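Asks: I would like to see how this sequence folds:
(4 chains, ligands or ions: 4)
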Amino acid sequence: MHGKLLAIYNDALRIRAFEKAIGVMADAGHVPGLVHLCLGAEVLQATVCNALDSKTDHVNGSHRSHGIALASGASPFKVAAEILGREDGLSSGLGGTQHLFAPEQGMASNGIVGAQVPLAAGAALTAKTLGTHGIAVCFFGDAAANQGAVLETMNLAAVLSLPLLFILENNGYGLSTSSSYASAGVNLTERAKAFGLESISLPSNTITDQIEQIHIAINTVRTESRPLFLEAPIPRLTGHYHGDAGNFAGDTDTVPDPLLLLREFLDAQNIDTASVKEQSSTEMDEVAGRALRSQAPSPQILDTWRSILGATE
Amino acid sequence: MHGKLLAIYNDALRIRAFEKAIGVMADAGHVPGLVHLCLGAEVLQATVCNALDSKTDHVNGSHRSHGIALASGASPFKVAAEILGREDGLSSGLGGTQHLFAPEQGMASNGIVGAQVPLAAGAALTAKTLGTHGIAVCFFGDAAANQGAVLETMNLAAVLSLPLLFILENNGYGLSTSSSYASAGVNLTERAKAFGLESISLPSNTITDQIEQIHIAINTVRTESRPLFLEAPIPRLTGHYHGDAGNFAGDTDTVPDPLLLLREFLDAQNIDTASVKEQSSTEMDEVAGRALRSQAPSPQILDTWRSILGATE
Amino acid sequence: MTTLSVKQALNQALHQLMAADDTVIVVGEDIVGGAGSGSAEELGGAFGVTSGLAARFGTARVIDTPISETAFVGMGIGAAATGLKPIIEVMFCDFMGVCFDQIMNQAAKMRFLSADQIQLPLVIRTSMGAGDSSGAMHSQSLHGLLASIAGLRVVCPSNAADAAGLLKSALSDPNPVVLLEHKGLYDLETDIDPALPAVPIGQGKILIEGAAVTLVTVSAMVHHAVKAAKQLEKDGITVEVIDARSISPLDSDLITKSVAKTGRLLVVDEGAAFGGFADMVIAEVAQKAFPHLKAAPRKITPPHTPVPYAPSLEQNWLPSTPDIIQGVKDLLNA
Amino acid sequence: MTTLSVKQALNQALHQLMAADDTVIVVGEDIVGGAGSGSAEELGGAFGVTSGLAARFGTARVIDTPISETAFVGMGIGAAATGLKPIIEVMFCDFMGVCFDQIMNQAAKMRFLSADQIQLPLVIRTSMGAGDSSGAMHSQSLHGLLASIAGLRVVCPSNAADAAGLLKSALSDPNPVVLLEHKGLYDLETDIDPALPAVPIGQGKILIEGAAVTLVTVSAMVHHAVKAAKQLEKDGITVEVIDARSISPLDSDLITKSVAKTGRLLVVDEGAAFGGFADMVIAEVAQKAFPHLKAAPRKITPPHTPVPYAPSLEQNWLPSTPDIIQGVKDLLNA
Ligand SMILES: Cc1ncc(C[n+]2csc(CCOP(=O)(O)OP(=O)(O)O)c2C)c(N)n1
Ligand SMILES: Cc1ncc(C[n+]2csc(CCOP(=O)(O)OP(=O)(O)O)c2C)c(N)n1
Ligand SMILES: [Mg+2]
Ligand SMILES: [Mg+2]
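Replies: Ligands and ions are numbered 1, 2, ... in the order given. Below you'll find the predicted structure:
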């Protein structure tokens, strides 16, 4: 178990270092549009993706999915290059920060709030139909939980008994709007239950319990081939997007930084974490530098796409 | 109370007589498309609409809304003429059976499953904003309850505390598909509760209790200016549309015909119902005859609409 | 040769496709029918196109859904992206409004956004068209609107052979394809090759050769156009009738070559009067065959209004054979 | 005269409209901002257009919503049908996919289906356009697609005066109007009449008179077109630049009259390459001004692909001033 925890910590740290590097590049004007960093969600994303098998499993994330891409095993260099809009990016710069596609790692993300959730149901259906014992996972935010796409899919997944794990990344906010305003009802876990889903809300402060619960959930979805809903409270350590006014960030008092909690736990077990930290930031600084040196994609690829998709030419 | 019950019985009987007359005309080939009759829902629709005030209140129904139109006070002749596609129809034959618009009676219906529900939220918002003490009511089916439009609106109505009464007409089927298959979770009332709505499931066999509960619900929405959800089990006394194979009708053993129950109750009170029955079928046969004699709308109105809506002419 | 209706041809093609490849699944509302009702009888979809599939291939591959188009169309896209070949039925194309994000933003863009890492062997089957008093929300013809979305393929068969053949091509196309089946054609029978050979997407077909006017049309309007052309022939006017079959990609070559010959273009369509298929073809010809045009290109479409319900209005709203005959004559006098 | 950006002009027009009529409400995501956060600070929408409205008119009339576009757009339609004048913000037009049924089937058809018993004083404000690396789902230009739907009015202002003026006309129009605000223009400042007079829907505007070519365009492309025309003037080529402003209804008269004068048409648009605004205008001109055309009409649009993210690609994807200059020259040499 300690090995697993260290691996998760390592992955989570790498994500944080990656996001920090992206932030630095954004501040320097290298990121062409707005980026939504996943600071605060790293441990969750690392824990989940670590437990998946990219040969059979699929993950679909929201606009805030850099961490999921990395944790799924996509090359940080390619992810960074995609975010920068460079030729070496996952999609040669066609997609960008919100549209990360790493099918070999079974990972994709989405720019439309909630739209990834039905897509994940499709991945679950594939696994079920082909009998791969694979599962699908979708990550979505607390605000996405009010989209028809998400609500319909909860029902559909239950009806078809799809091996689909719903993961609600509850950071308390959608853009500037608090979840306490936008979502009626006792809470979103109870809402999911009402769709016939087994639904679990992670405890917010015992990091090892959280990780264990996640492992159990994944195992249940896989072995019982049915959907399950998991609500994970996570802090929003930055604003909605990197560099926004940031007045609507979440409250780290009620939801402490999971990465900190995990480090404290490892420290208490006398497990060395300093070197891992060192390594991850060195790695990500190098990655960022390399991504920055990647070329802009040549406009010629537009000609290729024009001829692939063209309607009249 | 007995006077009220008799009025409801009267309205419900008129609806049934109307629907039967439509069925007869359809069998004779006079109804141009498919019609969805509301046989089994008459008492519910009559009870609700009877308790509304068309000056301030609004009702939005589904594809199965003939009864709602009548109970709201729309002219049966105009409704029948609309269903037949005649000039004297509510919309001169532009709309048809699924698109009944009687704004003076505060009533409208819809061809897209679930789409009427957000529209009703708008009527509720108008009442609230203008301070009319009006309420809005939306009727929708058990299958509609799985549409994003309906699910989103439950949350929105709760968030904005709209005076909106959700009425789930649960006849156990959507087209050929049983609700037990299509809707996961314990039941749809529990699902509505999870959106923060006070939610009531009507008892299925005590008709006077049902009626009273409906009155209480309407009163609550009005006086407390907040949404409420009411699930009404109703039998599907015909198939999905008039004349379909009908093998997927509901089960009248579990949900008896409310009109029968109401008549039995009135009979037990020694209230004369025979004459009312006589009257309603006489009225509706006359209405049907008159509607049949109404002219086809003149194609010239298309020219008017072409110039109203035209994009380039 | 055998005689099949459009509905039968589609049904047989579905049987063939499912039999040939275990990864083909069919998903939609009531496409099995009677789910949870305890009835053993299958409905086979609102129009009966999917009948018999569940009995043969099982409900694990022929899947009835709740009325949740966003969820199940999205599920189809996600399944196509991960190894299945889904054929999704949206009962009426009018209902695409409720799942339009999945069509416009997800299905249409995934191949591009993934830089071709993901291709979508996905077909969305749906019905279209007016003429049966189904009203404004069950009668639309959205082929033009869909074709304006980059990344989608859009086809509109006018007969049994094309319906089955285009369905087959659609499922092996790397792009998501929307197959629009006209409600008014489901029972139309024609003689066809029982093997139901694939019909390539992007190829129109000259149904009647002619010299005076090029008439481009699709779907149910094809039959009015053919009737009109036959009538006009009696008056010595020969019309070249082209069934475009595919809206996107459009067989621009075939059309412009024909116009190069005739010098005159009439487009007949029951889709949008403004910005629909008719405008697409006219714009294409105006740009590519301008030197050949002897007169202004014309279109015959319904007025720019929703579809009216009353039969008297709906029939008037729809282009008719006499309208087309008149249109051709006007064009020749222009 | 005063100097205002598009964003400021819209904001002031909203203030005026809300002050003048208590039935005007504004609804959307984060349009107040900070709901439930305990923060007194207003965001005023993702682009700041609605800032200050809640402070002045209260949150009963300036309403933040959950991310439920179907529910709140539908709510706006229902409110318009029953006595309010709602202005609904859909943050990006790309998100209209998720609420497209309410736009295509409900808003667009209600007036017709009720036989004019119901009119909809409803405005849907949304943003459009590429150029800021927002990616394929936050950069579309859907004006053509929307205009192809009968029953909708669609306008695309290119400057502050038109933005405010069209918003005012839109709210008093009996039809639902979609106002597409280009993201790249929000901060563009121009001198305008501080009264922000209404601008009629359906009227284009000649920005530059010219004799050689009629150039029709809208929204952000207007500015490229004007630049191109000014450059071309140096070479002695005068281009008549028309800002169509309104997509539906289209000011067909203005355009065809101009083509009657110049004999040449170039449409510049960042919307769909196929079946978009450009094809609409070309088809219209081909039909109505054919005898005046001296050369094939042309269009300059992006390729028929989703919007790419990388700046190097996106800039290339978008029509540019040099593209337009070249387009005019090609047209003159044709
Ligand atoms: C359908 C749709 N509506 C609105 C948006 C704009 N938007 C992007 S992210 C976001 C907030 C999402 O909040 P949440 O789901 O809680 O995720 P978080 O950002 O907190 O991770 C909004 C409103 C969008 N992309 N898609
Ligand atoms: C969005 C959408 N999907 C599908 C349909 C086709 N359809 C019309 S009614 C219906 C069944 C509706 O069932 P329910 O909501 O239970 O109402 P009921 O017919 O039982 O009154 C279906 C599938 C539609 N009109 N709209
Ligand atoms: Mg959130
Ligand atoms: Mg039902």
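Asks: Distance of A:L52 relative to chain B?
Replies: According to C-beta to the nearest C-beta, to the nearest Å, A:L52 stands 25 Å off from chain B. (Each C-beta comes from the backbone N, C-alpha and C, glycine too.)
Asks: Tally up the residues packed near that residue, please.
Replies: 24 (other C-beta atoms under 10 Å in any protein chain shown).
Asks: Ok, A:S225 next?
Replies: 18.
Asks: which ones are touching it?
Replies: Residues counted as contacts of A:S225 (C-beta atoms under 8 Å, 6 or more residues apart in numbering or on different chains) are A:128, A:161, A:163.
Asks: Tell me the one of the residues you listed nearest chain B?
Replies: A:S161 (9.3 Å; C-beta to the nearest C-beta).
Asks: can you map out the strands along the chain?
Replies: Looking at chain A here, since you left the chain open. Ranges of strands in chain A, per DSSP state E, are A:58-60, A:101-102, A:107-108, A:136-141, A:164-170, A:173-174, A:177-178, A:198-201, A:228-233.
Asks: wait, I meant chain C there
Replies: Under DSSP E, chain C gives strands at C:2-5, C:24-28, C:62-64, C:85-90, C:123-128, C:153-155, C:177-182, C:189-192, C:205-208, C:213-217, C:239-243, C:246-248, C:265-268, C:298-300.
Asks: interface residues of the stretch 151-300 of chain A facing chain C?
Replies: A:152-153, A:155-156, A:159-160 (C-beta under 8 Å from any C-beta of the partner chain).
Asks: Any stretches of the chain with poor pLDDT?
Replies: Defaulting to chain A. A:1, A:246-253, A:313 (pLDDT under 70).
Asks: wrong one, I was asking about chain C
Replies: C:40.
Asks: tell me the centre residue of it?
Replies: By C-alpha atoms, centre = their mean, chain C has its centre lying nearest to C:C156, at 1.9 Å.
Asks: Now do the same contact list for the residue lying closest to C:V213 once chain neighbours are set aside.
Replies: In this structure, C:V213 finds its nearest non-sequential neighbour in C:R264, 4.4 Å apart by C-beta to C-beta, 6 or more residues apart in numbering or on different chains. C:R264 makes contact with C:212-214, C:293-295, C:297, C:331-332, according to C-beta under 8 Å, 6+ apart.
Asks: Quick check: C:R264 vs C:H292, distance?
Replies: 9 Å (C-beta to C-beta, to the nearest Å).
Asks: repeat for C:G271
Replies: In terms of C-beta to C-beta, C:G271 sits 25 Å off from C:H292.
Asks: Also A:L130?
Replies: Counting by C-beta to C-beta - A:L130 and C:H292 are separated by 53 Å.
Asks: Contact partners for the residue of the stretch 101-250 of chain C found nearest ligand 1?
Replies: The minimum distance from the stretch 101-250 of chain C to ligand 1, using C-beta to the nearest ligand atom, falls at C:D101 (7.1 Å). Applying C-beta under 8 Å, 6+ apart to C:D101 gives the contacts A:112, A:115, A:149, C:70, D:95, D:97-98, D:100.
Asks: returning to what we had before: ok, the residue nearest to the centre of chain C touching C:S248?
Replies: No - using C-beta atoms under 8 Å, C:C156 is not in contact with C:S248, being 10.4 Å away.
Asks: which residue sits closest to C:P322, ignoring its sequence neighbours?
Replies: C:A228 (7.9 Å).
Asks: Identify the farthest-apart pair in the residues of the stretch 151-300 of chain A next to chain C.
Replies: Greatest spacing in those, by C-beta to C-beta: A:E152 and A:L160 (12.2 Å).
Asks: Pull the number of nearby residues for the residue nearest to C:L145 when sequence neighbours are not counted.
Replies: Nearest non-adjacent residue to C:L145, counting by C-beta to C-beta, 6+ apart: D:S148, 5.5 Å away. By the measure other C-beta under 10 Å, the count of residues near D:S148 is 31.
Asks: For D:S148, list the residues it contacts.
Replies: C:144-145, C:148, C:272, C:274-276, D:275, D:280.
Asks: May I see the buried residues of stretch C:180-196?
Replies: Within stretch C:180-196, the residues scored as buried using 16 or more other C-beta atoms under 10 Å in any protein chain shown are C:180-186, C:188, C:190, C:192, C:196.
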